[in-house]
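*Asks:* Sequence first, then the predicted structure:
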Amino acid sequence: MLRQTIFMAILVVDMAGVARALEGDSLWSHTYSTTPWDKAYSIIQCRDGNYLMAGETAQVGTAFSKAALVKVAPQGDQLWFQSYAQFPNDNVAYGVVEAHDGGYVFAGFTNRNDSLNEQVWICKTDTNGNALWSRTYGDESHERACNIIATSDEGYLLTCWSIGEGTWIIKTDINGDSLWSQRIDGLVAVCSIVTYDGNILTAGMNVYMSTYILKINNDGDTLWTRSYANIPMPYCMLETYSHDILLAGNMLMKINSYGDTLWTRTIVDTTFHYAVGVLESDDGGYILAGNSGDPIWEDDFMLMKTSASGEWLWSRNYDSGWGDMANSFVRGNDGNYRIAGYRHYEYRAEIWLVCAEGPSSAVEPVPMEIHPSAFILHPASPNPFNSSTVLSYQLQAPSHVSLKVFDTAGRIISTLVDDKQSAGTHESTLDGSGLVSGIYIARLEAGGFSATQKLVLLK
């Protein structure tokens, strides 16, 4: 196994003489390779605090690849590297999630023979990456799953595309058996999310080369569709804490929950080629990961920060010395960013993971619109906290209250309150004994009011 470590930390000295990195500065990077052709297409942080990447691996001299999962520790040390093949031809994993009942589920495609007879493929593994079961879908007409989501009903949602047939959305149960599917002709979809109300948003490009968004419910029924002329195809999207939607590619567009455009922004840093992931930052702005330069050979990994209104604030480049292709990123519980993809040179490719400094770990007040006798989310106490913290809030009127805690990947960690409550002051305790150290987000919703607050767990 080839494994290389590249350290690229950039330090500054603050007024007290203490060296510290600025947000976006590279802290370290690792490469991972068991063959001369290894690529990562997605990354998640697992509940145990480690990270999992999904992609492909192939030997020199062979025409076909195997799907790959690579699990690494928070500092990048490899824990295991597993490969998978449903059939003896190409097998690729594009997305991965943690399974509801333990282990992992990845999605991509498998090829039964040496023609373009590809089928959508998902595979369940245990926590050590050993395959437990797999499912294929489709009629071998060049169909691939590009995105997988673990849904709240313990199933999975697959966003797939098929050459000549458009987009295919598949909903499965916990065992990967199909519950329903919907085909959308003329749409090339690249990403889907499940919104706070349990519905599904799918975004891509239609036959008129315009951005197209489809909203369906959890039964597959279409709620609405929107198209946006002269807006390039988005490669990723995000539901904000206020339930608006941000779409990112080589432009930014923000819409409300009904699909109405709030604003569009051209990315002023012309070296930023396109975004592959977007996160909402603590200050209300956005962090985008993507690539710069030539889309084939001369890319660098890249991070870009914008304000809440989409205005450019700063950019950072990460260069391995080869051609680099970023495909996915997450913000970990330690607050830092991890960008996954691969670096390539001639007939060689290696998985490349870059860790970049996140925002300051100091807890800062979250700006909120507070009015006398209004709904208020008070600061958590204590914060930072060790084993538990108390969240208190004030209700102006009897309301249905939702108080949830999310990790930095947007996954629900705990639902503290989901009930109707009387007017007045209430409190709820978050038990952090089963959580790993890191940053979490508490979100209160009541009576049309919504507020978020950053929580820091230190053990």
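*Replies:* Right, received. Where do you want to start?

*Asks:* residue ranges with poor pLDDT in the stretch 51-200 of the chain?
*Replies:* Low-confidence segments of the stretch 51-200 of the chain, defined by pLDDT under 70: 60-63, 114-116, 140, 164.

*Asks:* Which parts of it are strands?
*Replies:* 51-58, 66-72, 78-84, 91-98, 104-111, 118-125, 131-137, 143-150, 156-162, 166-172, 178-184, 187-194, 200-206 (DSSP state E, counting those that start in this stretch).

*Asks:* Turn those strands into JSON lines, including mean neighbour count and distance to Gly310.
*Replies:* The C-beta positions use only the backbone N, C-alpha and C, and glycine is treated the same way. Putting these into JSON lines (neighbours: other CB atoms under 10 Å; distance: least, CB to CB, whole Å) gives the following:
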{"stretch": "strand 51-58", "mean neighbour count": "26", "distance to Gly310": "29"}
{"stretch": "strand 66-72", "mean neighbour count": "24", "distance to Gly310": "33"}
{"stretch": "strand 78-84", "mean neighbour count": "18", "distance to Gly310": "37"}
{"stretch": "strand 91-98", "mean neighbour count": "25", "distance to Gly310": "26"}
{"stretch": "strand 104-111", "mean neighbour count": "27", "distance to Gly310": "31"}
{"stretch": "strand 118-125", "mean neighbour count": "24", "distance to Gly310": "34"}
{"stretch": "strand 131-137", "mean neighbour count": "17", "distance to Gly310": "37"}
{"stretch": "strand 143-150", "mean neighbour count": "22", "distance to Gly310": "24"}
{"stretch": "strand 156-162", "mean neighbour count": "24", "distance to Gly310": "25"}
{"stretch": "strand 166-172", "mean neighbour count": "22", "distance to Gly310": "27"}
{"stretch": "strand 178-184", "mean neighbour count": "15", "distance to Gly310": "28"}
{"stretch": "strand 187-194", "mean neighbour count": "21", "distance to Gly310": "18"}
{"stretch": "strand 200-206", "mean neighbour count": "23", "distance to Gly310": "17"}
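
*Asks:* Now those in CSV, please, with extra columns for distance to Ser320.
*Replies:* Converted to CSV, the strands of the stretch 51-200 of the chain look like this (distance: least, CB to CB, whole Å):
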stretch, distance to Ser320
strand 51-58, 16
strand 66-72, 17
strand 78-84, 17
strand 91-98, 22
strand 104-111, 25
strand 118-125, 29
strand 131-137, 31
strand 143-150, 25
strand 156-162, 30
strand 166-172, 34
strand 178-184, 38
strand 187-194, 25
strand 200-206, 30
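
*Asks:* from what I can see Tyr137 touches Gln119, true?
*Replies:* Yes. Contact status for Tyr137 versus Gln119: in contact at 6.5 Å, counting by CB atoms under 8 Å.

*Asks:* list residues touching both of those two?
*Replies:* In terms of CB atoms under 8 Å, 6 or more residues apart in numbering, Tyr137 and Gln119 are both contacted by the residues Glu143.

*Asks:* what's across from the spatially closest residue to His426 that is not a sequence neighbour in the sheet?
*Replies:* Nearest in space to His426, with sequence neighbours left out and distances taken as CB to CB, 6 or more residues apart in numbering, is Tyr393 at 5.9 Å. Beta-bridge partners for Tyr393, by DSSP bridges, are Leu377, His426.

*Asks:* re the thing from before, for Leu288, which of the strands of the stretch 51-200 of the chain is the nearest?
*Replies:* strand 187-194 (13.6 Å; CB to CB).

*Asks:* Name every strand pairing with that closest one and say which way it goes.
*Replies:* In its sheet, and by DSSP bridges, strand 187-194 pairs with strand 200-206 (antiparallel).

*Asks:* so what's the spatially closest residue to Thr222 that is not a sequence neighbour scoring on pLDDT?
*Replies:* Nearest non-adjacent residue to Thr222, counting by CB to CB, 6+ apart: Ile216, 5.4 Å away. For Ile216, the pLDDT comes out at 91.

*Asks:* How about the contacts made by Ile216?
*Replies:* Going by CB under 8 Å, 6+ apart, Ile216 touches 169, 182, 199-200, 202, 222-223.

*Asks:* Can I get the residues you listed in CSV including distance to Asn386?
*Replies:* Converted to CSV, those look like this (distance: CB to CB, whole Å):
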residue, distance to Asn386
Ile169, 43
Gln182, 47
Asn199, 38
Ile200, 38
Thr202, 41
Thr222, 48
Leu223, 44
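
*Asks:* of these, closest to Gly284?
*Replies:* Nearest to Gly284 among these, with distances taken as CB to CB, is Asn199, at 24.3 Å.

*Asks:* neighbours around that closest one, how many?
*Replies:* For Asn199, the count of nearby residues is 16 (other CB atoms under 10 Å).

*Asks:* burial count for the residue nearest to His426?
*Replies:* Close neighbours of Tyr393, defined as other CB under 10 Å, add up to 23.

*Asks:* and if you look at Val390?
*Replies:* 14.

*Asks:* re the thing from before, which one of the strands of the stretch 51-200 of the chain lies closest to Gly332?
*Replies:* Nearest to Gly332 among those is strand 51-58; the distance by CB to CB comes to 7.3 Å.

*Asks:* Please name every helix or strand in contact with that closest one.
*Replies:* Secondary-structure packing of strand 51-58 (3 or more CB pairs under 8 Å, 6 or more residues apart in numbering; DSSP states H and E): strand 37-45, strand 66-72, strand 91-98, strand 104-111, strand 337-345, strand 348-356.

*Asks:* partners of the fourth one in the sheet?
*Replies:* So that's strand 104-111. Note on strand 104-111: by DSSP bridges, its sheet partners are strand 91-98 (antiparallel), strand 118-125 (antiparallel).

*Asks:* Please identify which of the ones you listed is closest to Tyr440.
*Replies:* strand 91-98 (16.7 Å).

*Asks:* Touching that closest one from outside, list them.
*Replies:* Residues outside strand 91-98 that contact it (CB under 8 Å, 6+ apart) are 41-42, 44, 46-47, 52-56, 64-69, 84-85, 104-111, 121, 123, 144-150, 156.

*Asks:* buried stuff in stretch 220-236?
*Replies:* 226, 228, 231-236 (16 or more other CB atoms under 10 Å).

*Asks:* What is the end-to-end distance of it?
*Replies:* Across stretch 220-236, the straight-line distance between its terminal residues is 21 Å, by CA to CA, to the nearest Å.

*Asks:* Repeat that for stretch 212-223.
*Replies:* In stretch 212-223, first residue to last residue: 14 Å (CA to CA).

*Asks:* Run through the bridge partners of Arg443.
*Replies:* Beta-bridge partners of Arg443, as defined by DSSP bridges: Lys404, Thr452.

*Asks:* Please look at it and Leu455 and confirm they touch.
*Replies:* No. Counting by CB under 8 Å, Arg443 sits too far from Leu455 to count as a contact (10.8 Å).

*Asks:* The two - which one has more neighbours?
*Replies:* Between Arg443 and Leu455, Leu455 has the larger neighbour count (other CB under 10 Å), namely 22 against 18.
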